[in-house]
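1. sequence-free structure coming up:
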């Protein structure tokens with residue numbers, strides 16, 4: 001689902017919190033409106049928010065039109081955009097890219113044109129990265145592949161399928177995939193059904209199963225590979241991933257089924273020695289009990305899982321596929337693998 005459009009300084013963003021029940025677009029004509037949307041909870045995918053942040057910075061620049069306070073106001077705009085996403089890593093990367101544009105653009109004396117070109121380049125680089133990830137993932141497949149996906153993201157993209165979903169769609173189009181199984185995530189139960197709807201648009205055959213049935217499904221029917229969208233990877237290969245990924249990795253390990261993490265190379269954090277750096281944040285307890293007759297029972301859910309590196313067969317990135325020993329291969333991916 002295309003979820004971001006930039007045209008004539010107007011940024012249009014899909015309200016991801018309502019889709020697929022409702023397709024509602026939010027129109028942002030200024031930095032302030034973009035910041036408001038990014039803060040509202042309507043944009044679920046951090047990478048889409050990062051692209052929106054790059055264009056939001058352009059909106060601030062267009063409003064200024066080279067006034068004497070240009071750089072000062074741009075610095076304030078950066079701070080507002082970072083705050084809108086609670087200082088997310090993706091937003092920081094986007095704003096860093098905007099602050100250090102490609103060398104060819106800096107020869108242009110028009111600062112606003114430079115910013116606009118840099119924002120477009122940032123978006124296109126994300127699209128290319130998504131396509132490279134999909135290509136690297138399908139390189140692991142042969143005809144008749146059955147794949148199980150566990151992901152909370154990938155349905156929303158700017159111009160290319162993202163992550164594990166992108167790999168599945170590309171594999172189907174190239175007649176490599178026979179069946180896709182979607183492992184639904186708790187507690188919201190929205191991710192799997194959303195991805196099922198997106199796959200149905202391409203007539204990709206898929207089966208939706210509850211997350212608690214994943215181990216039984218793998219034991220009875222099996223899969224040639226399991227793909228999980230990762231959030232961050234530590235230097236040693238530990239993976240921050242959606243809730244449910246840890247138990248799925250254990251099931252794959254027990255049944256000798258390859259378990260692959262899917263993430264951008266920019267999401268490999270070499271400053272994090274291992275998974276302990278990701279912490280143990282908790283999710284919203286009301287998301288577990290909302291709408292259910294639970295009496296006075298309290299809910300509990302982690303905000304994410306941390307999957308130990310030894311359970312991960314490999315990491316599919318936009319630059320390559322990294323396998324153990326991760327301390328060596330992930331560092332090589334970040335520092336030496338071509339973009």
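-> Received it, and whenever you're ready, just let me know what you need. Please read these numbers as outputs of a predicted model, since none were measured by experiment. Numbers count the residues shown, from 1 in each chain.
2. could you pull up phi and psi at residue 227?
-> Summarising the backbone geometry of residue 227 under the convention degrees, to the nearest 10, its torsions are phi -120, psi 130.
3. residues contacting the residue nearest to it when sequence neighbours are not counted?
-> The shortest distance from residue 227 to any residue other than its chain neighbours is 3.9 Å, reached at residue 164 (CB to CB, 6 or more residues apart in numbering). C-beta here means a position set from N, CA and C on the backbone, and glycine is covered the same way. Residue 164 sits next to 137, 149-151, 154, 227-229, 262 when contact means CB atoms under 8 Å, 6 or more residues apart in numbering.
4. now for those residues: which two are most distant?
-> The most widely separated members of these, counting by CB to CB, are 137 and 150 (14.3 Å).
5. out of the two, which sits in the more crowded spot?
-> Using other CB atoms under 10 Å, the more surrounded residue of residue 137 and residue 150 is residue 150, with 27 against 24.
6. correct me, but the more buried one touches residue 244?
-> Yes. A contact is recorded between residue 150 and residue 244 when judged using CB atoms under 8 Å, the distance being 6.0 Å.
7. so what's the residue count around residue 288?
-> Around residue 288 there are 17 other residues, counting by other CB under 10 Å.
8. what sits closest to it if chain neighbours are left out?
-> Looking at residue 288 with CB to CB, 6+ apart, the closest residue is residue 299, at 3.0 Å.
9. now that neighbour: how far from residue 284?
-> Between residue 299 and residue 284 the distance is 8 Å, computed by CB to CB, to the nearest Å.
10. I'd assumed residue 182 was in a strand, is it?
-> Yes. Checked against DSSP: H, G, I helix; E, B strand; the rest coil, residue 182 lies within a strand.
11. quickly note the distance from it to residue 152.
-> To residue 152, residue 182 is 11 Å away according to CB to CB.
12. quickly list what's touching both of the two.
-> Counting by CB under 8 Å, 6+ apart, residue 182 and residue 152 have no shared contacts at all.
13. who's residue 262 bridged to?
-> As for beta bridges, residue 262 partners with residue 229, residue 316 under DSSP bridges.
14. is it true that it touches residue 133?
-> Yes. With contacts defined as CB under 8 Å, residue 262 counts as touching residue 133 at a distance of 6.4 Å.
15. surely the residue nearest to residue 288 is within a helix?
-> No. Secondary structure assignment places residue 299 outside any helix; it is coil (three-state DSSP).
16. what's near enough to touch it?
-> 187, 285-289.
17. export the residues you listed as JSON lines, with columns for secondary structure, pLDDT and distance to residue 102.
-> JSON lines is the format used below for the contacts of residue 299 (DSSP: H, G, I helix; E, B strand; the rest coil; pLDDT from 0 to 100; distance: CB to CB, whole Å):
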{"residue": "187", "secondary structure": "coil", "pLDDT": "59", "distance to residue 102": "43"}
{"residue": "285", "secondary structure": "coil", "pLDDT": "88", "distance to residue 102": "46"}
{"residue": "286", "secondary structure": "helix", "pLDDT": "85", "distance to residue 102": "45"}
{"residue": "287", "secondary structure": "helix", "pLDDT": "80", "distance to residue 102": "42"}
{"residue": "288", "secondary structure": "helix", "pLDDT": "83", "distance to residue 102": "46"}
{"residue": "289", "secondary structure": "helix", "pLDDT": "84", "distance to residue 102": "50"}
